[in-house]
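Asks: the following comprises the amino acid sequence and a computationally predicted model.
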Amino acid sequence: MIEVFSQNINGTWFAVACTQQEIVGTSFGETEPVALQKLLDNLPINAPFQVLFTPSNLAKTAFTLLSDMFEGKNVKPKINLSFTHLPAYTQRVLLATMQIPAGYVASYGSVAKAIGGGPRAVGNVMANNCFAPLVPCHRVVKSDFTLGGYGGGLKVKIELLKKESHGFCEPKKISVEGGVLEVYPVEHVLSRLPKFVA
DNA sequence: TGCAAACCATAAC
DNA sequence: GTTATGGTTTGCA
């Protein structure tokens, strides 16, 4: 049985779905219904679940991680995420994306080159990311350093990237399963933002 | 710049 | 099986 929890942290609603051992999905949104809806949409079909009000220990851990991520802290999620019900390629994309450090971004194309497949396939995985923002899909942008899209809204993507800015200058190569992932300082993206400032 | 075509894994039929 | 769908990329006018 999958247990579902929701919680408001500093004005943002987060939702977590988990079993006793592992996280099955996470999401966030401006309102509780939005966060829950996005979470449930990505749950395995026909999976039985129940909505509970008192977070389990695992859920508490997840909420802490989620809010830390959301504040731009460089946390490496040491937590059991359940990928096994996902297609193999999807798992590879998610794993590679988790290797992108805070303060850096990678392009859809560079992720694709590192693990195989094509840029659009990577975009597809991002669009259906069931672990936002634990899997930092906001750190994946277009090859020209413009934003691309974001499930949680572009405004949020910008905010997250700004919070993660650490003033790095040099690109970096990160070895991931099957290849090398090139990442770039998030500044490259932020410097092209003026047209988006609200 | 802007547009069209190629790209690639999934999900939906 | 087949088709439709993207959070893309690249080439070319």
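Replies: In hand now; what should we look at?
Asks: all contacts plus neighbour counts: C-alpha atoms, from now on.
Replies: Noted.
Asks: was I right to think A:Val51 contacts A:Gln7?
Replies: No. Assessed by C-alpha atoms under 8 Å, A:Val51 is found out of contact with A:Gln7, at 11.9 Å.
Asks: these two: which is more packed in?
Replies: Neighbour count, other C-alpha atoms under 10 Å: between A:Val51 and A:Gln7, A:Gln7 has more, with 19 against 13.
Asks: what's the helix or strand for the closest residue to A:Gly179 other than its chain neighbours?
Replies: Spatially, and ignoring its direct neighbours in sequence, A:Gly179 is nearest to A:Ala114 (4.6 Å; C-alpha to C-alpha, 6 or more residues apart in numbering). A:Ala114 is located in helix A:108-115, with elements delineated by DSSP states H and E.
Asks: do A:Ile158 as well
Replies: Element membership for A:Ile158 (DSSP H and E) is helix A:154-164.
Asks: list the buried ones in that helix?
Replies: Using 16 or more other C-alpha atoms under 10 Å as the burial criterion, the residues of helix A:154-164 that qualify are A:157-158, A:160-162, A:164.
Asks: so what secondary structure elements neighbour it?
Replies: Here helix A:154-164 touches helix A:187-190, going by 3 or more C-alpha pairs under 8 Å, 6 or more residues apart in numbering; DSSP states H and E.
Asks: got the contact list for the longest helix along chain A?
Replies: Of all the segments of type helix in chain A, defined by DSSP state H, the longest one is helix A:57-70. Applying C-alpha atoms under 8 Å, 6 or more residues apart in numbering, the contact partners of helix A:57-70 are A:5, A:7, A:9, A:14, A:16-18, A:20-23, A:74-75, A:77, A:79, A:133-134, A:160.
Asks: so it versus helix A:154-164, what angle?
Replies: Our comparison of helix A:57-70 with helix A:154-164, counting by axes from the mean of the first three to the mean of the last three C-alpha atoms, to 10 degrees, yields an angle of 80 degrees.
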